[in-house]
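Kindly return the folded structure for what I paste below:
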Amino acid sequence: MNDGCNEGRDEGNDVMLNEHGFSSDEQGSFGEGSVDASKIRPTMQSVAKAAGVSLKTVSRVVNNEPNVGIDTREKVSKAIEELSFRRNDLARNLRQGQISTTIGLIIEDIANPFYSNIAHGVEKVAQRYHYMVIISNSEENAQREQELSNALFRRRVAGLLIVPASHDHSYLLPEARLGTPIIFLDRPPDHLYTDTILLDNRGGARKGIEHLIAHGHRRIGVIGGDPQVYSGAERLAGYREALAAHAIPYDEALLCSNRDEPLKAQEAVYELLTLADPPTALFTTNNRISIAVIRALYSMQRQVALVGFDDFELAELLPVPITVIAHDAAALGEQAAELLFARLHGDDRLPQHLIIPTELVVRGSGELPPE
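Below is the predicted model of the structure:
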């Protein structure tokens, strides 16, 4: 094997190394007289010069190959340690046309506990397979999602896990045809037939609304995000299904959409509770909106029944503990990663469509009766 040996000739005697351990080609890439050895990452040429051996010998030691004497191996290992040399796996893989032992994960925003839990689940599985995860945030921007995907593919990731922001994923087709596994989480892809793992958004919302109806509520306000996003649309569908099942008319005035920003969510509370015929209960479609709504209710010194989709930290410790539709976001990440590694290990079943269940957690706020 000659891993890492394309940088120089066999025995290294024909490779001219300067006083910093760089070949003439490497020296030129930094400009004449501009090299500061303390600020340049050491190369295998640097190690070869320090150990007094050939590039081929360094390559054999770095790649743990046989046919290297004990004394020579120790001499090279000492030079590697003193120079803090690290093998460039990306460059090595690119030379050999191989993928890397990394996978990519694109989520909306790592600051959101929902997505950080997904990332934690993915990393837990990746560690077991001795892979690293490159995590990127799309910020709910379709163009950024595509740019991030392409950047990860250029780095030869073994597979991609993605919470999509785009409404057209045909740009992923060339990579999928090359055999790179692509798994979608939380939202399904558009124009791409591939593995998908989702929450039971519709069923969870329906459970939450039916719980409020069971406690006497007929006018239930909804404060949600973008209704065009798959998860938001499904949760609204669950709301409407629950109303229809109990012969409760749907009232557009009770729906406040595009309220993901905290101030807009708080404004929605004021708007709904000052209607001529206000709701007696509220349903929030994600954890961040729930927190903003609680702040608004506190500032208004109002108490209405509340059920939120997504659990959140300290929800059970509030003066009136919050009833939520809970789910295991980490399990969502784990199952997606397990499916990706199954694909990498030869699983050639048709694309899978898996659903993660949700659970109604009764704590107090969803059981308040109508005022």
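
what about the strands in the stretch 201-350 of the chain?
Secondary structure of the stretch 201-350 of the chain (DSSP state E, counting those that start in this stretch): strands at 220-223, 255-256, 281-284, 305-309, 323-326.

Highest mean neighbour count across the ones you listed, which stretch is it?
strand 281-284 (a mean of 30; mean count of other CB atoms under 10 Å). Every C-beta, even on glycine, is put in place using the N, C-alpha and C of the backbone.

What pairs with that one, parallel or antiparallel?
The strands beside strand 281-284 in its sheet (DSSP bridges) come out as strand 220-223 (parallel), strand 305-309 (parallel).

Ok, which of the strands of the stretch 201-350 of the chain comes nearest residue 83?
The closest of the strands of the stretch 201-350 of the chain to residue 83 is strand 323-326. By CB to CB, the value is 51.5 Å.

Please name the residues that touch the closest residue to residue 260 other than its chain neighbours.
Leaving out its chain neighbours, the residue that sits closest to residue 260 by CB to CB, 6 or more residues apart in numbering is residue 225, at 4.2 Å. Contacts for residue 225 (CB atoms under 8 Å, 6 or more residues apart in numbering) come out as 232, 257, 258, 259, 260, 285, 286, 289.

between those residues, which has the most around it?
Comparing these by number of neighbours (other CB atoms under 10 Å), residue 285 comes first, having 31 neighbours.

Please dump the strands of the stretch 201-350 of the chain into a markdown table; it should also carry distance to residue 55 for every row.
Formatted as a markdown table, the strands of the stretch 201-350 of the chain follow (distance: least, CB to CB, whole Å):
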| stretch | distance to residue 55 |
| --- | --- |
| strand 220-223 | 64 |
| strand 255-256 | 66 |
| strand 281-284 | 62 |
| strand 305-309 | 59 |
| strand 323-326 | 57 |
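
same question for stretch 176-190, mean pLDDT?
The pLDDT scores in stretch 176-190 average 95.

So which bits of it are buried?
For stretch 176-190, a neighbour-count test (16 or more other CB atoms under 10 Å) marks 176, 180, 181, 182, 183, 184, 185, 186, 187, 189 as buried.

Okay, helices next: where are they in this structure?
24-29, 44-51, 55-62, 70-83, 89-96, 113-128, 142-154, 173-177, 201-214, 230-245, 262-273, 287-300, 329-344 (DSSP state H).

domains in the protein, as residue ranges please.
24-95, 99-199+330-356, 201-326 (automatic domain parsing).

tell me, which of the helices of the chain is the model least confident about?
Taking the mean pLDDT of these, helix 24-29 comes last: a mean of 39.

related to what we said a few turns ago, out of the strands of the stretch 201-350 of the chain, nearest to residue 248?
strand 220-223 (8.2 Å).

residue nearest the centroid of the chain?
Taking CA atoms, centre = their mean, the centroid of the chain lies closest to residue 107, which sits 3.7 Å from it.
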